[in-house]
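Undergrad: Need a 3D model of the following:
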Amino acid sequence: MDFSIVVLSNPDSIYWRSIEDVIYPLRDAISALGYSVDIAENKISKDAVNIIFGLQDKPNYPLHEIPENSIIYNFE
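TA: Below is the predicted model of the structure:
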């Protein structure tokens, strides 16, 4: 099983910087469990379990494009 940590952000957003303290330890923990994991910006994977950050800032995001096995991580 592969994982992809996905950050959905706008080009002018500082959102990425605000969640670095969460996504990098999450990546390290998943990797330590023996899973393959990457971090992507604005790119949903079709071949991995997506852990999605930033969806709350994308009200018009096409939800039907998110695979069913995805995890939506919500910060408010």
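
Undergrad: In which helix or strand does the residue in the chain sticking out farthest from the centre reside?
TA: What lies farthest from the middle of the chain is Gly34; by C-alpha atoms, centre = their mean that is 18.7 Å. Counting by DSSP states H and E, no helix or strand carries Gly34.

Undergrad: for this protein, what helix or strand is lowest in average pLDDT?
TA: helix 15-32 (a mean of 91; mean pLDDT, DSSP states H and E).

Undergrad: Going by neighbour count, which residues in that helix are buried?
TA: 15, 19, 23, 26-27, 30 (16 or more other C-beta atoms under 10 Å). C-betas here are computed from N, CA, C, even on glycine.

Undergrad: Send me that helix as CSV with only the CA atoms.
TA: Only the C-alpha atoms of helix 15-32 are listed here, as CSV (Å, rounded to 0.1, in the frame of the first residue of the first chain):
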residue,chain,number,x,y,z
TYR,A,15,-1.1,27.3,3.9
TRP,A,16,1.7,25.0,3.0
ARG,A,17,3.9,26.6,5.6
SER,A,18,1.2,26.4,8.3
ILE,A,19,1.0,22.6,8.1
GLU,A,20,4.6,21.7,7.7
ASP,A,21,4.8,20.7,11.4
VAL,A,22,2.1,18.1,10.7
ILE,A,23,2.8,16.7,7.2
TYR,A,24,6.5,16.0,7.6
PRO,A,25,6.2,14.0,10.9
LEU,A,26,3.2,12.2,9.3
ARG,A,27,5.3,11.3,6.3
ASP,A,28,8.1,10.0,8.6
ALA,A,29,5.7,8.0,10.7
ILE,A,30,4.1,6.3,7.7
SER,A,31,7.5,5.6,6.2
ALA,A,32,8.7,4.1,9.6
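
Undergrad: ranges for the strands of the protein?
TA: Secondary structure of the chain by DSSP state E: the strands cover 2-7, 36-41, 49-53, 71-73.

Undergrad: need the ones you listed in JSON lines with mean neighbour count, can you?
TA: What follows is the strands of the chain, written out as JSON lines (neighbours: other C-beta atoms under 10 Å):
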{"stretch": "strand 2-7", "mean neighbour count": "21"}
{"stretch": "strand 36-41", "mean neighbour count": "15"}
{"stretch": "strand 49-53", "mean neighbour count": "21"}
{"stretch": "strand 71-73", "mean neighbour count": "15"}
